[in-house]
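Undergrad: sequence plus predicted model, see below.
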Amino acid sequence: MILTVTLNTALDITYRVPSLRPYASHRVSAVTERPGGKGVNVARVLAALGHEVTVTGFAGGTTGRILRDRLTEVPGVVDALVPVSGTTRRTVAVVDERSGGTTQLNEPGPTVAHAEWSAFQELYGDLLASVSAVALCGSLPPGVPVGAYAGLVRTARAAGVPVLLDTSGAALRRGVAGRPDILKPNAEELAELTGFHEPLRAAQDARRRGAGTVVASLGPEGLLAVSPEGRWRAAPPSRLRGNPTGAGDAVVAGLLSALVEHRPWPDRLTRAAALSAATVLSPTAGDFDRPAYERLLSGITVTGEASAAQVSP
Ligand SMILES: O=P(O)(O)OC[C@H]1O[C@](O)(CO)[C@@H](O)[C@H]1O
């Protein structure tokens, strides 16, 4: 069983418009709505790969109810969300059909009360007893302390559960100090954390700040991993055109999926890069295109070198 934590779950709405223009009124040509927030997306991909996944975090109000109803339709996913009195947020992705570009609007999320945060922490400690890995994903809703992830990372490590962190801003800055086994920033988050724009230098700096392994998602350039066991780059065969929403979540799913199968780093990166590329190619935002994934598995190029190995999770 793998655990994904999404403290700020969301009902993800995607609007498609023929051409997006600021300050103009638009006719929406298609709408989709689905359970989201980064850890929920990770869970959906893991379940599609055949893993059993438990989803925790918070859900409340009408949107929270819709999200939980829709989660029951996803085979392999167990709902362990903690109810809150506030209302789960929506996120809106607007896809411009002409350019293919996506504009994302993320609401802040409900305010979580102190007692709700305590209830979550207690449940999280219990869930760790029966999982083989945990991913902590996404932004923090109001009311959750900014150092929350550092504490959740430490709890997982104390329980002997490998822990991956994927967040941004102050939550990332504080969370990395908890020493996550794997940190999965994108290029922008990594540069904001470290002040370095060159990914290798930035990844090395993030390791100094506490991350065991850093796997940076670099958009069309693929992935860069810097770990105690070596450094690698994984790249898709060609530049891909499509919707990148959820591509980072697919990377997290690929890394965890291969981690719990005890695969070496090059295999983990191949799986993560193929899933990420197959997500960009999928017509539905956040889903991956399975035939493309299977094709891409043999088309990902991994370059790099192993160092004299110390084994990391
Ligand atoms: O928690 P945030 O950083 O606001 O990100 C949430 C959003 O990101 C996505 O997971 C895409 O990665 C959307 O599903 C949306 O819910």
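TA: Right, received. Where do you want to start?
Undergrad: look at the nearest residue to Asp205 once chain neighbours are set aside and report its pLDDT.
TA: Distances taken as C-beta to C-beta, 6 or more residues apart in numbering put Thr194 closest to Asp205, at 4.0 Å, once the chain neighbours are dropped. Bear in mind the C-beta positions are built from the backbone N, C-alpha and C, glycine included. For Thr194, the pLDDT comes out at 98.
Undergrad: quick one: Thr194 and Arg209 touch, right?
TA: Yes: with contact defined as C-beta atoms under 8 Å, Thr194 reaches Arg209; the gap is 7.5 Å.
Undergrad: who has more neighbours, the two?
TA: Thr194 (22 against 15; other C-beta atoms under 10 Å).
Undergrad: any idea which residue of the stretch 101-250 of the chain lies closest to the ligand?
TA: Residue nearest to the ligand within the stretch 101-250 of the chain: Gly138 (3.0 Å; C-beta to the nearest ligand atom).
Undergrad: I'd guessed that residue sits against Asn8; true?
TA: Yes: taking contacts as C-beta under 8 Å, Gly138 lies within contact range of Asn8: 5.4 Å.
Undergrad: who touches both of these two?
TA: Common contact partners of Gly138 and Asn8 (C-beta atoms under 8 Å, 6 or more residues apart in numbering): Gly37.
Undergrad: got a pLDDT number for the residue nearest to Leu256 when sequence neighbours are not counted?
TA: If the residues on either side of it in the chain are set aside, Leu256 comes closest to Ala133, at 5.2 Å by C-beta to C-beta, 6+ apart. pLDDT for Ala133: 98.
Undergrad: wait, Ala133 touches Leu3, no?
TA: Yes: taking C-beta under 8 Å as the definition, Ala133 is a contact partner of Leu3 at 7.4 Å.
Undergrad: more neighbours: those two, which one.
TA: Between Ala133 and Leu3, counted using other C-beta under 10 Å, the more crowded position is Leu3 (26 against 23).
Undergrad: what ranges do the strands span in the protein?
TA: 2-6, 10-17, 30-36, 53-59, 77-83, 89-96, 102-106, 133-137, 163-166, 182-183, 213-217, 223-227, 230-235, 301-306 (DSSP state E).
Undergrad: out of these, which is closest to Leu269?
TA: Ranking those by proximity to Leu269 (C-beta to C-beta) places strand 230-235 first, at 3.9 Å.
Undergrad: number of nearby residues for Ser298?
TA: 9.
Undergrad: that older thread, residues near the residue of the stretch 101-250 of the chain closest to the ligand, how many?
TA: When neighbours are counted by other C-beta under 10 Å, Gly138 comes out with 28.
Undergrad: list the contacts of it.
TA: When contacts are taken as C-beta under 8 Å, 6+ apart, Gly138 is in contact with Thr6, Leu7, Asn8, Gly37, Lys38, Gly39, Asp166, Thr167.
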